[in-house]
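Q: Pasting the sequence and the predicted model now:
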Amino acid sequence: MKAKTLLSSLGIVVLMFVVGCKEAPQQLLADADAAMQAAQTAEANRYATDLFNAAKDSLSAAQAEVEQQNSKFALLRNYDRATALLNSAIAAFKSASDAAAANKEKVRAEADTLIAQLTPKIEAAKKLMAKAPKGKEGRAALEMIQADITAVESGLSEAQNAMTSNDYLTARDKAQAAMSKINSVIQELENAIGKKMGSRS
């Protein structure tokens, strides 16, 4: 009778151990998913890409570890590594969100500065156009330069629209491309004017 009672008690203890200690960390999985969603909302995938991808890798590794443990007999399951990976992923997603907020503000400022500089640059290019040589060959070259200036104006407009949509990354990229183009146009015009002035002296 005592042996039977002892076995029953032992069975209960084992059952409590299995149920209480070998369950998958469902709450942490949900927390990690929520942290990833928050990072995506903060656009960490665009403004803190490396950190976001590293966090996703941690989450994938954690999910794989959970699946591996789930496939084992209950008494042999151990979710310690999965728990550590999930905690790491949650922290990484939060870091990515914070970095994205800081980087987004930095990119916004860069785009703002470039856009503000583009309008006077375009005006300067137009003034140089009026001074540029207009011979037979010069006219064809000026038509090409005018097309470039028109393209720069379009790029500026697209950058401004992106800023209005709070898409600072696109705004900065378009403004950078427009700035590179207008600087090239100005340099070309200055060279042509300098050559013309040199031929007169």
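A: Received the coordinates, thanks. Numbering: from 1, shown residues only.
Q: low-scoring stretches of the chain, by residue?
A: 1-21, 199-201 (pLDDT under 70).
Q: In it, which helix is the longest?
A: The single longest helix within the chain, with elements called by DSSP state H, is helix 80-131.
Q: name the element the residue nearest to the spatial centre of the chain belongs to?
A: Centroid-nearest residue in the chain, with Cα atoms, centre = their mean: residue 46, separated by 1.6 Å. Here residue 46 sits within helix 44-47, counting by DSSP states H and E.
Q: tell me what that helix is packed against?
A: For helix 44-47, the packing partners by 3 or more Cβ pairs under 8 Å, 6 or more residues apart in numbering; DSSP states H and E come out as helix 49-70, helix 80-131. Just so you know, the C-beta spots here come from the backbone N, C-alpha and C atoms, and that holds for glycine as well.
Q: Tell me which of those helices lies nearest to residue 25.
A: Set against residue 25 and scored by Cβ to Cβ, the helices and strands packed on helix 44-47 come closest in helix 80-131, at 5.1 Å.
Q: What's the first helix or strand after the closest one?
A: Per DSSP H and E, the first helix or strand lying C-terminal to helix 80-131 is helix 136-164.
Q: I'd like the distance between residue 56 and residue 88.
A: 12 Å (Cβ to Cβ, to the nearest Å).
Q: swap that for residue 123, please
A: With Cβ to Cβ as the criterion, residue 123 and residue 88 are 53 Å apart.
Q: One more: residue 191?
A: Residue 191 is 56 Å from residue 88, by Cβ to Cβ.
Q: Look at those two and report which has more neighbours.
A: Applying other Cβ atoms under 10 Å to residue 191 and residue 88 shows that residue 88 carries more neighbours, namely 17 against 11.
Q: how about the more buried one, what does it touch?
A: Taking Cβ atoms under 8 Å, 6 or more residues apart in numbering, we find residue 88 in contact with 58, 62.
Q: burial of residue 188, as a residue count?
A: 17.
Q: tell me which residues in the host helix or strand of it are buried?
A: Here residue 188, judged by DSSP H and E, is contained in helix 168-200. Neighbour-count burial for helix 168-200 flags 168-175, 177-179, 181-182, 185-186, 188-189, 192 (criterion: 16 or more other Cβ atoms under 10 Å).
Q: Which secondary structure elements does it sit against?
A: helix 80-131, helix 136-164.
Q: Give me the distance from the first one to the chain's centre.
A: Mean-position distance between helix 80-131 and its chain equals 8 Å (Cα atoms, centre = their mean, to the nearest Å).
Q: okay, the angle between that helix and helix 136-164?
A: 140 degrees (axes from the mean of the first three to the mean of the last three Cα atoms, to 10 degrees).
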